[in-house]
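Student: Got a predicted structure here, sequence first:
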Amino acid sequence: MIELTRRATFSASHFYWNEQWTAEKNAQVFGRCANRNGHGHNYTIEVTVVGEPDPVTGFVVDLKWLKDVMEREVVEVMDHRHLNLEVPEFACMIPTTENIAIVAWRRLAPVLSRVGAAKLSRVRIYETPEIFAEYRGEA
Amino acid sequence: MRAYFGRRYMLSASHRLHSDVLSPEENRRAYGKCNNPFGHGHNYLLEVLVRGEVLPETGMVVDMVSLDKVIRSLVLNRFDHANLNTDALFVNQVPTTENLCRAVFNLLVNAVPSGRLETVRIEETENNFFECANPTEA
């Protein structure tokens, strides 16, 4: 099996807030990330697909096709958006790096599962070069 | 739902690769320039990966501020701007990045604020890095 990873970038704003909590508790747990006016990051997404290279093309998946899928399913949805206000999943889910990885997985998995034998292995989101989260489809 | 949180830190330290059980000639052959008696240094990049459940109320696997505190007190304060050879951990082992990686893993494995330490990765330079992973559970 070969793993293939494609990277893309997007820029978005967000804030962390739990509606069930008081303002004080939100500030205490989330610190500066709880500022309701939001703040932003340049995110990098890495999508890893695993499979056997096709005997004819030598590809696990066509990289251009994967690029287009990532663009349509994730980048177009999140790039230059306010994640809390404009990405429907985050109406009831805090847009942490972990949850962005989970949402990206859920958007990508149905499309990628339709392609031959290759399957989605992991989605990694870098919020900054020093902070990242990864989802591998585990329950 | 299980996910992974990763954090990268930089630490600068010096070391000398030298084994007391090898002759001076054998040390030079094994370690080359790294055997220089005066030592040399690196900007190490430490990457810590924590596995855990994403808590619905925070959306997080681990609180980053708490994780940073643990890493700072157990690893960065100990090794940053230090000579690794002088650390108690390297009295009986050569401070290669393999050994540093395992030492850092052992310092952190029972200390992460939540979740489970999955991997410690140390990049010695842009061109070489080492990983120590938690054995998969039975």
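Tutor: Nice, I can see it. Residues are numbered from 1 along each chain as shown, chains lettered A, B, ... in the order given.
Student: roughly how far apart are residue B:82 and residue A:17?
Tutor: Separation of residue B:82 from residue A:17 (C-beta to C-beta, to the nearest Å) stands at 41 Å. C-betas here are computed from N, CA, C, even on glycine.
Student: do the same with residue A:6
Tutor: For residue A:6, the distance to residue A:17 - C-beta to C-beta - is 32 Å.
Student: Residue 132: which element?
Tutor: All of this refers to chain A. Using DSSP states H and E, residue A:132 falls within strand A:131-135.
Student: wrong chain, I was asking about chain B
Tutor: Going by DSSP H and E, residue B:132 is in strand B:128-133.
Student: Then residue A:49?
Tutor: Applying DSSP H and E, one finds residue A:49 within strand A:39-51.
Student: what comes up buried for the longest helix anywhere in chain A?
Tutor: Looking across chain A with DSSP state H, the single longest helix is helix A:97-112. For helix A:97-112, the neighbour count (16 or more other C-beta atoms under 10 Å in any protein chain shown) marks A:97-105, A:107-108, A:111-112 as buried.
Student: So which of the residues you listed is the closest to residue B:60?
Tutor: residue A:98 (6.0 Å; C-beta to C-beta).
Student: Looks like that closest one contacts residue B:3 (just checking).
Tutor: Yes. In this structure, residue A:98 is within contact of residue B:3 by C-beta atoms under 8 Å, at 4.6 Å.
Student: Of residue A:6 and residue A:17, which one has the most company?
Tutor: Neighbour totals were compared for residue A:6 and residue A:17, and residue A:17 leads with 20 against 16 (other C-beta atoms under 10 Å in any protein chain shown).
Student: does that one count as helix, strand or coil?
Tutor: Using DSSP: H, G, I helix; E, B strand; the rest coil, the three-state assignment for residue A:17 comes out as coil.
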